[in-house]
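A.B. asks: Got a predicted structure here, sequence first:
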Amino acid sequence: MPLLENGQIIQDTWQIAVEDTPLPAGDVLVPLARLSEGLGRNEEARLGVVLNSADEIEALREALPRLDLVVLSFPVFRDGRPFTQARALREHLHFKGEIRAGGHILPDQYEFLLRCGVTTVSLPEGVDLSVWQHAHEAFTVAYQPSILNEQPEGFAFRRRLA
């Protein structure tokens with residue numbers, strides 16, 4: 001699957017751990033249930049974890065310093081829990097690594113994902129990249145605070161009018 005980072009396609013170098021098989025060598029993504037196994041590896045390779053929307057972010061607190069990537073899975077586009085998970089990773093747990101969104105995501109959600117702390121989005125094969133690039137460039141003002149280093153143009157707009 002192609003990865004989208006800041007509106008551009010990048011190469012995905014991560015391997016996904018398959019259930020009931022040994023962890024592959026190199027950079028590997030493990031489900032939360034296999035995180036302790038991944039942390040126990042004696043390799044210098046990078047480690048990432050895949051979370052479902054129902055998983056608690058707090059379960060990663062101790063492991064976060066050793067993780068390079070957290071993948072947040074959207075089961076359906078209307079499930080907003082991964083947005084909250086991304087925000088909690090950045091603001092409460094101070095995670096500095098890559099946060100990837102995967103699953104059922106719409107292009108209209110792309111800019112909101114970035115504002116919550118997501119750095120990459122896993123896209124389905126054959127997707128029209130121009131739709132995602134347009135979604136990235138279409139929004140120039142936001143009304144909610146962001147983890148991005150930007151001037152809040154719309155946040156608390158009513159207070160500025162008073």
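C.D. replies: Yep, that arrived.
A.B. asks: alpha carbons only for contacts and neighbour counts from here, please
C.D. replies: OK.
A.B. asks: all helices for this protein, in order.
C.D. replies: Remark: helices assigned in the chain by DSSP state H are 35-39, 81-91, 110-116, 129-138, 157-161.
A.B. asks: Mean neighbour count added to the ones you listed, as CSV?
C.D. replies: Shown next, in CSV, are those (neighbours: other C-alpha atoms under 10 Å):
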stretch, mean neighbour count
helix 35-39, 16
helix 81-91, 20
helix 110-116, 21
helix 129-138, 15
helix 157-161, 8
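A.B. asks: so Leu51 touches Ser73, yeah?
C.D. replies: Yes. If you go by C-alpha atoms under 8 Å, Leu51 and Ser73 touch, sitting 6.2 Å apart.
A.B. asks: pLDDT below threshold where in this structure?
C.D. replies: Counting by pLDDT under 70, the ranges of the chain that qualify are 139-162.
A.B. asks: what ranges do the strands span in it?
C.D. replies: Along the chain, counting by DSSP state E, strands occupy 3-5, 8-10, 15-16, 28-31, 47-51, 69-74, 98-103, 120-122.
A.B. asks: same for the second one, what does it pack against?
C.D. replies: So the one you mean is strand 8-10. strand 3-5 (3 or more C-alpha pairs under 8 Å, 6 or more residues apart in numbering; DSSP states H and E).
A.B. asks: Ok, the last one next?
C.D. replies: Packed against strand 120-122 by the contact rule (3+ C-alpha pairs under 8 Å, 6+ apart) you find strand 3-5, strand 98-103.
A.B. asks: Ok, the fourth one next?
C.D. replies: With contacts defined as 3+ C-alpha pairs under 8 Å, 6+ apart, the secondary structure elements packing on strand 28-31 are strand 15-16, strand 47-51.
A.B. asks: now that strand: how far from the chain's centre is it?
C.D. replies: Averaging C-alpha positions (C-alpha atoms, centre = their mean, to the nearest Å) puts strand 28-31 14 Å from its chain's average.
A.B. asks: Equivalent analysis for the last one, please.
C.D. replies: Per C-alpha atoms, centre = their mean, the displacement of strand 120-122 from the mean C-alpha position of its chain is 7 Å.
A.B. asks: Can you list the neighbours in contact with it?
C.D. replies: 1-6, 98-103 (C-alpha atoms under 8 Å, 6 or more residues apart in numbering).
A.B. asks: Just the buried residues of these.
C.D. replies: 2-6, 98-103 (16 or more other C-alpha atoms under 10 Å).
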